[in-house]
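# need a structure here:
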Amino acid sequence: MKKTIIAAVVTALAGGAALADGPPPGCYHRDYTDAHLAKHPNQVVDWITMIVEHDQYGHDVARMRVYTANQGHVRRSGHGHRVFDQFLFCWDDGRRARCGVECDGGGFVMTRYTGKSLTFETRNLWIGDTDECGGAIDLAEIPGRAVKYRLDRVSASICHGL
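Now for the predicted structure:
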């Protein structure tokens with residue numbers, strides 16, 4: 001009996017510590033410098049803004065807006081220096097907060113949160129509306145290879161219009 005109670009308490013504590021709905025609600029932004037982009041020629045993001053919030057149904061969602069750099073695969077595809085938007089649903093997989101695009105448009109996993117910044121990793125995250133599933137461009141610098149983006153927590157006014 002004692003072993004069963006201890007196991008139940010350990011399981012509850014471990015599960016409770018790991019669970020979260022999604023990334024913490026808030027407005028996040030990062031504007032990469034020209035020097036940073038020059039050091040990372042495959043990077044496709046010039047600036048990125050993301051708001052995480054609860055929708056009217058109580059689900060966690062993220063809205064993302066990206067201005068592409070004119071380099072890497074977005075330049076080769078003719079999508080450099082353009083703005084793209086994406087909507088993502090967020091949840092917890094039991095280990096980490098995640099957000100994903102419907103119709104298998106990829107997604108990201110949150111790898112770090114400090115209260116002042118949020119870091120996410122993706123191997124495949126399509127953004128931009130198209131007539132098909134997915135999106136216009138992939139945020140992965142090299143599709144299929146992991147890339148991390150650190151966004152700073154900013155004033156909600158930065159996310160106005162998302």
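# now the strands for this structure?
26-31, 45-54, 60-68, 83-92, 97-100, 106-113, 117-127, 137-138, 147-154 (DSSP state E).
# the second one: which residues count as buried?
For strand 45-54, burial by neighbour count (16 or more other C-beta atoms under 10 Å) applies to 45-46, 48-53. To be clear about C-beta, it is placed using only N, CA and C from the backbone, and glycine gets the same treatment.
# from the strands of the chain, which stretch is densest packed?
Burial among those, expressed as mean neighbours by mean count of other C-beta atoms under 10 Å, is greatest for strand 137-138, which shows a mean of 24.
# ok, and what's touching that strand?
Under the contact criterion C-beta atoms under 8 Å, 6 or more residues apart in numbering, strand 137-138 has outside partners 44, 68, 73-74, 77, 79, 84, 106, 124-128.
# ok so, going back, can I get the buried residues of strand 45-54 in a markdown table with pLDDT and distance to residue 148?
Written out in a markdown table, the entries for the buried residues of strand 45-54 read as follows (pLDDT from 0 to 100; distance: C-beta to C-beta, whole Å):
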| residue | pLDDT | distance to residue 148 |
| --- | --- | --- |
| 45 | 97 | 11 |
| 46 | 98 | 17 |
| 48 | 98 | 12 |
| 49 | 98 | 17 |
| 50 | 98 | 14 |
| 51 | 97 | 20 |
| 52 | 96 | 17 |
| 53 | 95 | 23 |
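# which of these lies closest to residue 141?
Closest approach to residue 141 among the buried residues of strand 45-54 (C-beta to C-beta): residue 45, at 8.8 Å.
# partners of the closest residue in space to that closest one that isn't next to it in sequence in the sheet?
Across the structure, with C-beta to C-beta, 6 or more residues apart in numbering as the measure, the residue nearest residue 45 apart from its sequence neighbours is residue 66 (5.6 Å). For residue 66, the beta-bridge partners under DSSP bridges are residue 48, residue 84.
# how near is residue 66 to residue 126?
Per C-beta to C-beta, to the nearest Å, residue 66 is found 11 Å from residue 126.
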